[in-house]
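1. Have a look at this prediction, sequence included:
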Amino acid sequence: MRIAQSFILFAWLATSALADDGWQRSLSAMPLGADVTELNRTNCVPLMLGAFQSNGVVKALIFMPGATDEIYFFRRVRAALTNANPSLLDAVAALTNQTCIQATFQPPLLLLHTTEDALDGNAVVKNESTAEKLRERRVPGLLLFNDYDWNSVQFVLHKKLTVWLSPERGSSDSWHFYRHSFAACDLTEWEMLEALALAGKTTFTLHWLTADFQPDRRKGPVPKPESLSLP
């Protein structure tokens with residue numbers, strides 16, 4: 001069984017478009033937990049986010065809305081893990097081999113997504129000097145958001161960012177934001193804004209003192225499970 005799992009992982013690494021050894025090595029050193037044999041709707045997100053650790057390459061692991069839809073809404077995620085002590089890399093490989101979820105490394109962010117998700121074009125900068133400062137300032141500590149709504153995210157980040165996040169907590173303007181599921185460590189403030197947008201299916205406009213978030217209306221096709229090419 002272990003030989004088969006190793007072969008599957010090797011094939012995935014060899015054929016993946018994500019051919020950056022650095023992020024793979026980083027995730028391979030993060031234990032997922034003993035006796036985990038399957039990823040499913042009840043354990044996938046908390047296990048993977050909880051396994052994420054500080055490292056010098058991958059600064060955030062983000063479940064985008066297409067991925068969380070596969071897990072919680074369509075309930076199509078059941079991925080087997082055969083290693084006795086799987087790593088976070090084993091979990092990513094299992095998802096990308098056995099489900100419709102894909103992985104894309106956009107340094108320093110590792111995105112778990114589907115064809116529904118837009119991976120770029122999520123920011124408009126109205127004040128470049130503010131943007132430059134945010135690219136230099138760090139958000140301290142390891143932060144974990146597991147199924148957080150906008151009010152909860154804004155409450156956590158209120159004292160960690162030097163720009164104000166809009167809409168205000170409790171505003172109806174955030175009702176169509178997706179819930180946020182990601183872990184992050186040592187991001188710049190600019191990267192944290194990007195992570196929020198990618199996790200919540202939003203875009204943002206950066207002004208002098210505020211980052212104003214709005215729903216991202218772009219939507220790709222819902223993946224079809226029959227199109228999966230399983231090992």
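-> Yes, it's here. Numbering: from 1, shown residues only.
2. bridging residues for the residue lying closest to Val153 once chain neighbours are set aside?
-> Spatial nearest neighbour of Val153, chain neighbours left out: His180 (5.3 Å); criterion: CB to CB, 6 or more residues apart in numbering. Yep, even glycine has a C-beta here, placed from its N, CA and C like the rest. For His180, the beta-bridge partners are Tyr148 (DSSP bridges).
3. which residues does His180 contact?
-> Residues in contact with His180, defined by CB atoms under 8 Å, 6 or more residues apart in numbering, are 145, 147-150, 153, 196, 199-200.
4. And these, which is closest to Leu161?
-> Leu196 (9.8 Å; CB to CB).
5. I'd say the closest one and Gln154 touch.
-> No - Leu196 lies out of contact with Gln154 (CB atoms under 8 Å); the separation is 9.3 Å.
6. any residues in contact with both of the two?
-> With CB under 8 Å, 6+ apart, Leu196 and Gln154 have common neighbours Leu165.
7. The two - which one has more neighbours?
-> Neighbour count, other CB atoms under 10 Å: between Leu196 and Gln154, Leu196 has more, with 26 against 22.
8. OK, contacts around the more buried one?
-> So Leu196 contacts 153, 157, 165, 180, 202, 204, 213 (CB under 8 Å, 6+ apart).
9. Look up phi and psi at it.
-> phi -60, psi -40 (degrees, to the nearest 10).
10. Ok, Phe213 next?
-> The phi/psi pair for Phe213 (degrees, to the nearest 10) is phi -100, psi 140.
11. How about the one 4 residues further on?
-> With angles defined as degrees, to the nearest 10, Arg217 sits at phi -80, psi -10.
12. just Ala51 next, same as before
-> phi -80, psi -20.
13. Share the number of residues neighbouring it, please.
-> Neighbour number of Ala51 under other CB under 10 Å is 20.
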